[in-house]
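Undergrad: Sequence plus the predicted model coming up.
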Amino acid sequence: MALVLAALVAAFCGVAVGLAVWNVDNRTAREEAEHAHRITATTLGAAEHAPDSWSGAAAASVAQAAWQYPSATRRTGLVTVQPKTPAGSPVVIWVDDSGRTVQGHPSAGERAFAAMTVGATAAALIALTAAGVVHLRLRTVHARSLSMWGRDWQRVEPGWSGRLPTQSGVDDD
């Protein structure tokens, strides 16, 4: 019964944590969307493989590109592109209010997946903690029960078996 209750509490807490993460992520995405602008840039060179900073392996393709944002301010920089993108190709990029490139914000599906993952992890941690507490409590109850049974058996066994009770005390050497 205790484990069922703990599982229900864990599930409820997991849902609550997941909804909280979902709300925070949505609020953050709305705030970022107010300051992120999707524009078209033009590549100045062909795509090159960008080495991954951790492994050195090719992680993405990048190219030097130019764009104008805000209004007539011309900017250049490295942008992520599809492999083998030739020079002069239009590419969609995200920039902030001052025209610097930013990462595109996560989709609703990505935000939902993150919220479900955090909620499920919270539920699992709560359930495991509750199971550990119940396990420790049951071990304590079991040990106490065995101790009481042993004391009761010492009192009952001599009469049941017909043996004289053993007495510890003054004559023990």
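TA: Everything's here; your move. Owing to the predicted nature of the structure, the values given are computational and were not obtained by experimental measurement.
Undergrad: residue closest to the middle of this structure?
TA: V118 (4.2 Å; Cα atoms, centre = their mean).
Undergrad: What segments of the chain are helices?
TA: 2-35, 108-161 (DSSP state H).
Undergrad: For those, could you give me a markdown table that also reports mean pLDDT?
TA: Conversion of the helices of the chain to a markdown table gives the following (pLDDT from 0 to 100):
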| stretch | mean pLDDT |
| --- | --- |
| helix 2-35 | 89 |
| helix 108-161 | 91 |
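Undergrad: which of these sits most buried?
TA: helix 2-35 (a mean of 14; mean count of other Cβ atoms under 10 Å). (Glycine included, C-beta is placed from N, CA and C.)
Undergrad: sorry, back to before: which ones are touching the nearest residue to the residue nearest to the centre of the chain once chain neighbours are set aside?
TA: Nearest residue to V118, sequence neighbours excluded (Cβ to Cβ, 6 or more residues apart in numbering): V21, at 4.7 Å. Shown in contact with V21 (Cβ atoms under 8 Å, 6 or more residues apart in numbering): A114, A115, V118, G119.
Undergrad: roughly how far apart are V21 and G119?
TA: Counting by Cβ to Cβ, to the nearest Å, the gap from V21 to G119 is 7 Å.
Undergrad: hang on, isn't V81 packed against T43?
TA: Yes: if you go by Cβ atoms under 8 Å, V81 and T43 touch, sitting 6.4 Å apart.
Undergrad: neighbour-wise, which of these two wins?
TA: V81 (24 against 20; other Cβ atoms under 10 Å).
Undergrad: which residues does that one bridge with?
TA: S61 (DSSP bridges).
Undergrad: gap between it and W160?
TA: For V81 relative to W160 (Cβ to Cβ), the value is 88 Å.
Undergrad: before we move on, what about A20?
TA: Taken as Cβ to Cβ, the span from A20 to W160 is 62 Å.
Undergrad: next one: V17
TA: Applying Cβ to Cβ to V17 and W160 gives a distance of 57 Å.
Undergrad: can you check L78 too?
TA: From L78 to W160 the distance is 88 Å (Cβ to Cβ).
Undergrad: Over to T28?
TA: For T28, the distance to W160 - Cβ to Cβ - is 73 Å.
Undergrad: ok, back up a step: can you list the helices of the chain in JSON lines and add distance to H49?
TA: Shown next, in JSON lines, are the helices of the chain (distance: least, Cβ to Cβ, whole Å):
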{"stretch": "helix 2-35", "distance to H49": "28"}
{"stretch": "helix 108-161", "distance to H49": "25"}
